[in-house]
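Trainee: here you go, sequence then predicted model.
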Amino acid sequence: MVDDDPSIRLVCRFNLEAAGIEVLEAVDGEDAIGTIREEDVDLVLLDVMMPRRDGWEVAETLGAAAGKRRPAVVFLTARAERADRRRAAELGAVGYVTKPFDPVELVERIPRILDRLGRGEHEQLRREVVDDEP
């Protein structure tokens, strides 16, 4: 969970941990890169607008990391423009959630995304980032 807003991190942590999902937190993009490099991370909930490195930069860095397994990226952001969704998909995102969001729906969505990735549906998920615009 990468977000500079402590209340967003708290809500996500509380709901994800209640569902049995282990949560690591990062307060900005720079912190996120370090945590992801040190830990075995399956999925990153990633805000876009953050200090030190924004979410776009974090996703680019993860995509360029040679020789390492790349965690799935789900953007969790206030940016709701179609151009933002397209950029997320271009950066390899497999999900896009706009703020404000329903924490319960988010918790239900994460295992579904991981399950679909396990079935090799990465490209379909990327297309849905753009196609599922509300």
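Mentor: It's in. Numbering: from 1, shown residues only.
Trainee: ok, longest strand in the chain?
Mentor: Using DSSP state E, we find that the single longest strand of the chain is strand 72-77.
Trainee: partners of it, with directions?
Mentor: According to DSSP bridges, strand 72-77 forms sheet pairs with strand 43-46 (parallel), strand 95-98 (parallel).
Trainee: and the following helix or strand past that strand, what's buried?
Mentor: The helix or strand immediately downstream of strand 72-77 is helix 82-90, counting by DSSP states H and E. Neighbour-count burial for helix 82-90, with 16 or more other CB atoms under 10 Å as criterion, is recorded at 84-85, 87-89. In short, each C-beta sits where N, CA and C put it, glycine included.
Trainee: over to stretch 86-102?
Mentor: Residues 87-89, 91-96, 98, 101 are the ones in stretch 86-102 that count as buried (16+ other CB under 10 Å).
Trainee: you'd agree V23 is up against D3?
Mentor: No: judged on CB atoms under 8 Å, V23 makes no contact with D3 at a distance of 11.7 Å.
Trainee: who's more crowded, these two?
Mentor: D3 (26 against 13; other CB atoms under 10 Å).
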